[in-house]
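Asks: Let's see this in three dimensions:
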Amino acid sequence: MKRGKKYQESAKLVDRLKQYAPREAIELVQKTSKAKFDETVEAHIRLGVDSRHANQQVRGAVVLPHGTGKVIRVLVFAKGDKATEAEKAGADYVGAEDMMAKIQNENWFDFDVVVATPDMMGIVGRLGRILGPKGLMPNPKAGTVTQDIARAIEDIKAGKIEYRLDKSNIIHCPIGRASFGTEKLLDNFRTLMDAIVKAKPAAAKGQYLRSIVIASTMGPGIKLNTQRFTE
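Replies: Okay, here's the model as predicted:
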(Lines give C-alpha, C1' and ligand atoms only; values in the text may rest on other atoms or scores of the structure.)
Protein backbone atom coordinates (compact mmCIF):
# COMPACT_ATOMS: atom_id res chain seq x y z
CA MET A 1 0.00 0.00 0.00
CA LYS A 2 1.46 3.31 -1.09
CA ARG A 3 1.55 5.97 1.63
CA GLY A 4 1.44 9.75 1.24
CA LYS A 5 4.42 12.08 1.73
CA LYS A 6 3.26 13.26 5.16
CA TYR A 7 2.86 9.69 6.39
CA GLN A 8 6.32 8.76 5.14
CA GLU A 9 7.83 11.79 6.91
CA SER A 10 6.02 10.85 10.13
CA ALA A 11 7.10 7.21 9.86
CA LYS A 12 10.76 8.30 9.86
CA LEU A 13 10.27 9.66 13.40
CA VAL A 14 9.23 6.25 14.71
CA ASP A 15 11.73 3.52 15.61
CA ARG A 16 9.91 0.35 14.47
CA LEU A 17 12.06 -1.86 16.68
CA LYS A 18 11.52 0.14 19.86
CA GLN A 19 8.78 -0.29 22.45
CA TYR A 20 8.12 3.14 23.87
CA ALA A 21 7.15 4.24 27.36
CA PRO A 22 3.58 5.69 27.52
CA ARG A 23 4.60 9.37 27.82
CA GLU A 24 7.21 9.03 25.08
CA ALA A 25 4.66 7.35 22.77
CA ILE A 26 2.01 10.02 23.44
CA GLU A 27 4.48 12.81 22.69
CA LEU A 28 5.54 11.05 19.49
CA VAL A 29 1.97 10.43 18.29
CA GLN A 30 1.36 14.18 18.46
CA LYS A 31 4.49 14.88 16.39
CA THR A 32 3.35 12.37 13.75
CA SER A 33 -0.15 13.89 13.54
CA LYS A 34 0.28 16.15 10.53
CA ALA A 35 -3.15 16.20 8.88
CA LYS A 36 -5.00 19.49 8.40
CA PHE A 37 -7.76 18.31 10.76
CA ASP A 38 -7.59 17.48 14.46
CA GLU A 39 -6.76 13.78 14.31
CA THR A 40 -8.21 11.21 16.70
CA VAL A 41 -5.66 9.23 18.69
CA GLU A 42 -6.53 5.55 19.07
CA ALA A 43 -5.14 2.70 21.15
CA HIS A 44 -5.06 -0.84 19.76
CA ILE A 45 -4.50 -3.50 22.44
CA ARG A 46 -3.98 -7.15 21.51
CA LEU A 47 -4.83 -9.52 24.36
CA GLY A 48 -3.74 -13.07 25.11
CA VAL A 49 -7.28 -14.43 25.25
CA ASP A 50 -9.57 -16.31 22.89
CA SER A 51 -12.76 -14.34 22.25
CA ARG A 52 -14.48 -17.47 20.93
CA HIS A 53 -14.85 -18.64 24.54
CA ALA A 54 -17.45 -16.92 26.70
CA ASN A 55 -15.24 -17.10 29.79
CA GLN A 56 -12.45 -15.20 28.01
CA GLN A 57 -14.50 -12.26 26.79
CA VAL A 58 -13.20 -8.81 27.69
CA ARG A 59 -15.87 -6.16 27.49
CA GLY A 60 -16.83 -3.14 29.53
CA ALA A 61 -16.98 0.63 29.63
CA VAL A 62 -14.91 3.38 31.17
CA VAL A 63 -15.31 7.16 31.48
CA LEU A 64 -12.23 8.89 30.08
CA PRO A 65 -11.37 11.85 32.38
CA HIS A 66 -11.02 14.24 29.44
CA GLY A 67 -13.55 12.72 27.04
CA THR A 68 -12.83 11.79 23.43
CA GLY A 69 -13.22 15.20 21.83
CA LYS A 70 -16.20 13.93 19.87
CA VAL A 71 -19.82 15.00 20.29
CA ILE A 72 -21.70 11.77 21.02
CA ARG A 73 -25.29 11.39 19.80
CA VAL A 74 -27.36 9.19 22.12
CA LEU A 75 -30.49 7.26 21.14
CA VAL A 76 -32.61 6.05 24.06
CA PHE A 77 -35.31 3.38 23.94
CA ALA A 78 -37.69 4.18 26.78
CA LYS A 79 -41.34 4.96 27.54
CA GLY A 80 -43.26 7.09 30.04
CA ASP A 81 -41.31 8.61 32.92
CA LYS A 82 -38.06 7.08 31.70
CA ALA A 83 -38.50 8.72 28.30
CA THR A 84 -39.03 12.08 30.03
CA GLU A 85 -35.95 11.43 32.18
CA ALA A 86 -33.90 10.70 29.04
CA GLU A 87 -35.02 13.93 27.37
CA LYS A 88 -34.15 15.99 30.46
CA ALA A 89 -30.73 14.32 30.69
CA GLY A 90 -29.86 15.41 27.15
CA ALA A 91 -30.58 12.39 24.98
CA ASP A 92 -30.55 13.30 21.29
CA TYR A 93 -33.34 10.90 20.34
CA VAL A 94 -35.93 9.13 22.51
CA GLY A 95 -38.58 6.65 21.46
CA ALA A 96 -39.67 3.02 21.25
CA GLU A 97 -41.48 1.31 18.35
CA ASP A 98 -41.21 4.51 16.30
CA MET A 99 -37.41 4.48 16.53
CA MET A 100 -37.29 0.77 15.74
CA ALA A 101 -39.34 1.39 12.58
CA LYS A 102 -37.15 4.34 11.58
CA ILE A 103 -34.02 2.19 11.78
CA GLN A 104 -35.62 -0.76 9.98
CA ASN A 105 -37.40 1.18 7.22
CA GLU A 106 -35.16 4.18 6.65
CA ASN A 107 -31.74 2.66 7.40
CA TRP A 108 -31.34 5.51 9.90
CA PHE A 109 -28.12 5.67 11.92
CA ASP A 110 -27.69 9.29 13.02
CA PHE A 111 -26.55 8.19 16.49
CA ASP A 112 -23.38 6.87 18.13
CA VAL A 113 -24.64 5.04 21.23
CA VAL A 114 -27.89 3.23 22.05
CA VAL A 115 -29.22 3.11 25.62
CA ALA A 116 -32.33 1.19 26.70
CA THR A 117 -34.33 0.46 29.82
CA PRO A 118 -34.58 -3.30 30.53
CA ASP A 119 -38.28 -3.43 29.57
CA MET A 120 -37.42 -2.12 26.09
CA MET A 121 -35.08 -4.98 25.22
CA GLY A 122 -37.93 -6.92 23.63
CA ILE A 123 -38.17 -4.16 21.04
CA VAL A 124 -34.42 -3.51 20.78
CA GLY A 125 -33.79 -7.25 20.42
CA ARG A 126 -35.59 -7.19 17.08
CA LEU A 127 -32.84 -4.85 15.85
CA GLY A 128 -30.07 -7.25 16.88
CA ARG A 129 -29.08 -8.20 13.34
CA ILE A 130 -28.85 -4.52 12.41
CA LEU A 131 -27.28 -3.01 15.52
CA GLY A 132 -25.09 -5.97 16.49
CA PRO A 133 -22.63 -5.90 13.56
CA LYS A 134 -22.20 -2.14 14.04
CA GLY A 135 -21.37 -2.54 17.72
CA LEU A 136 -24.45 -0.54 18.71
CA MET A 137 -26.45 -3.15 20.60
CA PRO A 138 -27.12 -2.08 24.23
CA ASN A 139 -25.48 -4.29 26.84
CA PRO A 140 -25.72 -4.41 30.65
CA LYS A 141 -21.92 -4.84 30.98
CA ALA A 142 -21.40 -1.57 29.15
CA GLY A 143 -24.05 0.16 31.27
CA THR A 144 -26.26 0.81 28.27
CA VAL A 145 -29.14 -1.39 29.50
CA THR A 146 -30.16 0.32 32.72
CA GLN A 147 -32.96 1.88 34.76
CA ASP A 148 -30.67 4.79 35.64
CA ILE A 149 -31.10 6.43 32.26
CA ALA A 150 -29.99 9.91 33.35
CA ARG A 151 -26.68 8.64 34.76
CA ALA A 152 -26.01 6.57 31.64
CA ILE A 153 -26.54 9.57 29.36
CA GLU A 154 -24.45 11.88 31.53
CA ASP A 155 -21.55 9.39 31.58
CA ILE A 156 -21.67 8.91 27.80
CA LYS A 157 -21.76 12.65 27.15
CA ALA A 158 -18.85 13.10 29.60
CA GLY A 159 -16.62 10.69 27.68
CA LYS A 160 -17.67 7.15 28.49
CA ILE A 161 -16.44 4.66 25.90
CA GLU A 162 -17.05 0.95 25.48
CA TYR A 163 -14.18 -1.45 24.96
CA ARG A 164 -14.62 -4.93 23.52
CA LEU A 165 -12.61 -7.56 21.66
CA ASP A 166 -12.85 -7.93 17.90
CA LYS A 167 -12.45 -11.32 16.20
CA SER A 168 -8.66 -10.91 16.27
CA ASN A 169 -8.67 -10.45 20.07
CA ILE A 170 -7.82 -6.76 19.70
CA ILE A 171 -9.49 -3.82 21.45
CA HIS A 172 -9.67 -0.57 19.47
CA CYS A 173 -10.50 2.61 21.41
CA PRO A 174 -10.16 6.36 20.93
CA ILE A 175 -8.27 8.15 23.70
CA GLY A 176 -8.80 11.73 22.53
CA ARG A 177 -7.65 14.22 19.91
CA ALA A 178 -4.10 15.17 18.98
CA SER A 179 -4.87 18.72 20.18
CA PHE A 180 -5.51 17.50 23.75
CA GLY A 181 -1.84 17.66 24.62
CA THR A 182 0.36 15.10 26.35
CA GLU A 183 -1.10 15.18 29.88
CA LYS A 184 -4.76 14.76 28.89
CA LEU A 185 -4.01 12.01 26.38
CA LEU A 186 -1.83 10.26 28.95
CA ASP A 187 -4.59 10.47 31.60
CA ASN A 188 -7.13 9.02 29.18
CA PHE A 189 -4.77 6.26 28.03
CA ARG A 190 -3.88 5.19 31.56
CA THR A 191 -7.55 5.15 32.57
CA LEU A 192 -8.36 2.87 29.63
CA MET A 193 -5.43 0.56 30.33
CA ASP A 194 -6.29 0.31 34.04
CA ALA A 195 -9.82 -0.79 33.11
CA ILE A 196 -8.59 -3.40 30.60
CA VAL A 197 -6.02 -4.83 33.02
CA LYS A 198 -8.67 -5.10 35.76
CA ALA A 199 -11.01 -6.84 33.28
CA LYS A 200 -8.59 -9.75 32.78
CA PRO A 201 -10.67 -12.96 32.75
CA ALA A 202 -9.79 -15.63 35.30
CA ALA A 203 -9.63 -18.13 32.44
CA ALA A 204 -6.92 -16.16 30.60
CA LYS A 205 -3.56 -17.98 30.67
CA GLY A 206 -0.08 -16.74 29.86
CA GLN A 207 0.74 -13.19 28.81
CA TYR A 208 -2.41 -11.05 28.93
CA LEU A 209 -1.16 -7.87 27.21
CA ARG A 210 0.38 -9.12 23.95
CA SER A 211 0.91 -5.77 22.25
CA ILE A 212 -0.15 -2.12 22.53
CA VAL A 213 -0.03 0.30 19.61
CA ILE A 214 -1.21 3.90 19.48
CA ALA A 215 -1.67 5.97 16.34
CA SER A 216 -3.37 9.11 15.10
CA THR A 217 -5.95 8.87 12.31
CA MET A 218 -3.43 9.43 9.52
CA GLY A 219 -0.20 8.61 11.36
CA PRO A 220 1.98 5.51 11.79
CA GLY A 221 1.57 3.03 14.64
CA ILE A 222 3.77 3.43 17.70
CA LYS A 223 4.48 0.33 19.82
CA LEU A 224 4.46 0.51 23.61
CA ASN A 225 6.24 -1.56 26.20
CA THR A 226 3.56 -3.81 27.70
CA GLN A 227 5.70 -4.44 30.80
CA ARG A 228 4.97 -0.88 31.93
CA PHE A 229 1.50 -1.99 32.99
CA THR A 230 0.96 -3.96 36.17
CA GLU A 231 -0.91 -7.18 35.48
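
Asks: tell me the domain ranges of this structure?
Replies: 13-67+160-228, 74-157 (automatic domain parsing).

Asks: Centre of the chain to the last one, how far?
Replies: Going back to what we said before, that points to domain 74-157. Mean C-alpha position of domain 74-157 versus that of the full chain (C-alpha atoms, centre = their mean, to the nearest Å) differs by 17 Å.

Asks: ok, now stretch 188-205?
Replies: 14 Å.

Asks: in that stretch, what's buried?
Replies: 188-189, 191-193, 195-196, 199-201, 204 (16 or more other C-beta atoms under 10 Å). (Each C-beta comes from the backbone N, C-alpha and C, glycine too.)

Asks: now do stretch 24-42
Replies: For stretch 24-42, by 16+ other C-beta under 10 Å, it's 25-30, 32-34, 39-42.

Asks: Tell me which of the residues you listed fall in helices.
Replies: 25-30 (DSSP state H).

Asks: can I get those in TSV with pLDDT and distance to T84?
Replies: Compiled in TSV, these are given as follows (pLDDT from 0 to 100; distance: C-beta to C-beta, whole Å):
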residue	pLDDT	distance to T84
A25	94	45
I26	95	42
E27	93	47
L28	93	48
V29	93	43
Q30	92	43
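
Asks: what's stretch 18-29 in contact with?
Replies: 13-14, 41, 178, 182, 185-186, 189-190, 214-216, 219, 222-226, 228 (C-beta atoms under 8 Å, 6 or more residues apart in numbering).

Asks: so where does H172 fall, helix or strand?
Replies: Assignment of secondary structure by DSSP states H and E places H172 within strand 170-177.

Asks: How far off centre is the helix or strand following that strand?
Replies: Scanning forward in sequence from strand 170-177 by DSSP H and E, the next helix or strand is helix 182-198. Centroid separation for helix 182-198 versus its chain: 12 Å, with C-alpha atoms, centre = their mean.

Asks: What mean pLDDT does the following helix or strand past helix 182-198 get?
Replies: Next in sequence after helix 182-198, counting helices and strands by DSSP H and E, comes strand 209-216. Mean pLDDT, computed over strand 209-216, is 95.

Asks: List the strands paired with strand 209-216, with their directions.
Replies: For strand 209-216, the paired strands and their directions (DSSP bridges) are strand 40-47 (antiparallel), strand 222-224 (antiparallel).

Asks: in that strand, what's buried?
Replies: Within strand 209-216, judged by 16+ other C-beta under 10 Å, the buried ones are 209, 211-216.

Asks: For S179, which non-adjacent residue is spatially closest?
Replies: D38 (4.9 Å; C-beta to C-beta, 6 or more residues apart in numbering).

Asks: Can you give me every residue that contacts the one you found?
Replies: Counting by C-beta under 8 Å, 6+ apart, the residues that D38 touches are 69, 177-179.
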